[in-house]
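Asker: What follows is a predicted structure for the sequence shown.
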Amino acid sequence: MNATPRVLAVLDDILASASPDERGALWHLAEAGRELDANLVRLPAGAEVGVHQEDVLDVLLVVLEGAGRVRVGGGDIVLSPSTVVWLPRTSRRALSAGPDGLTYLTVHRRRPGLAVKPPGGAYEGGEGPCMLDRVCPECGRLSEDPAPVFCSRCGERFPER
């Protein structure tokens with residue numbers, strides 16, 4: 001199959017048509033057969049995405065509007081419009097929006113499917129344990145954290161257990 005390049009979104013138009021209080025994932029890449037994932041995320045003033053670690057994927061974060069910080073082991077990375085940050089896999093980080101909120105685009109390789117793998121063992125067949133308590137109620141992302149507090153995609157707080 002020879003795919004044809006095309007415009008999938010005009011981010012300025014999506015941002016202009018979104019309600020000022022709309023938060024979370026405003027857009028995401030959803031084309032069948034893709035090898036990338038991308039998300040346009042808006043966090044309101046003072047909102048946070050709690051400490052999390054992506055063990056499998058590098059993530060590129062591009063700030064479009066607002067300001068904030070990425071908290072990493074070595075301190076804070078200041079975010080402002082047009083800042084591009086590389087979040088390498090296995091890095092622990094947390095995001096916080098500044099007083100005017102924070103809107104950013106994330107891009108990464110498409111997440112591999114989930115599989116059950118015993119420690120030090122080979123992948124085995126069968127169904128994995130139920131992980132519905134790790135699925136974000138806002139955007140549907142499965143958290144890698146066994147006890148998530150905030151969604152790493154949209155910033156939504158997980159329900160109390």
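Answerer: Looks like it came in fine. Residues are numbered from 1 along each chain as shown.
Asker: Without its sequence neighbours, what residue ends up closest to F150?
Answerer: G50 (3.9 Å; Cβ to Cβ, 6 or more residues apart in numbering). To be clear about C-beta, it is placed using only N, CA and C from the backbone, and glycine gets the same treatment.
Asker: shouldn't the one you found be in contact with A94?
Answerer: Yes: taking contacts as Cβ atoms under 8 Å, G50 lies within contact range of A94: 5.7 Å.
Asker: and the residue nearest to F150, which of the three is it?
Answerer: When classified by DSSP: H, G, I helix; E, B strand; the rest coil, G50 comes out as strand.
Asker: Near it, how many other residues are there?
Answerer: Counted by other Cβ atoms under 10 Å, the residues lying close to G50 total 19.
Asker: For this protein, give me the ranges with low pLDDT.
Answerer: 1-2, 112-131, 161 (pLDDT under 70).
Asker: Show me where it has its strands.
Answerer: 24-28, 36-43, 48-53, 59-72, 75-79, 84-87, 92-109 (DSSP state E).
Asker: what packs against the second one?
Answerer: Helices and strands touching strand 36-43, by 3 or more Cβ pairs under 8 Å, 6 or more residues apart in numbering; DSSP states H and E, are helix 11-17, strand 24-28, strand 59-72, strand 92-109.
Asker: nearest to L43, of those?
Answerer: strand 92-109 (4.0 Å; Cβ to Cβ).
Asker: Report the beta-bridge partner residues of A25.
Answerer: For A25, the beta-bridge partners are V41 (DSSP bridges).
Asker: Was I right to think it contacts L43?
Answerer: No: A25 lies out of contact with L43 (Cβ under 8 Å); the separation is 10.8 Å.
Asker: so what's E22 up against?
Answerer: Counting by Cβ atoms under 8 Å, 6 or more residues apart in numbering, E22 touches R42.
Asker: Kindly provide the distance from it to G101.
Answerer: Distance, E22 to G101, by Cβ to Cβ, to the nearest Å: 11 Å.
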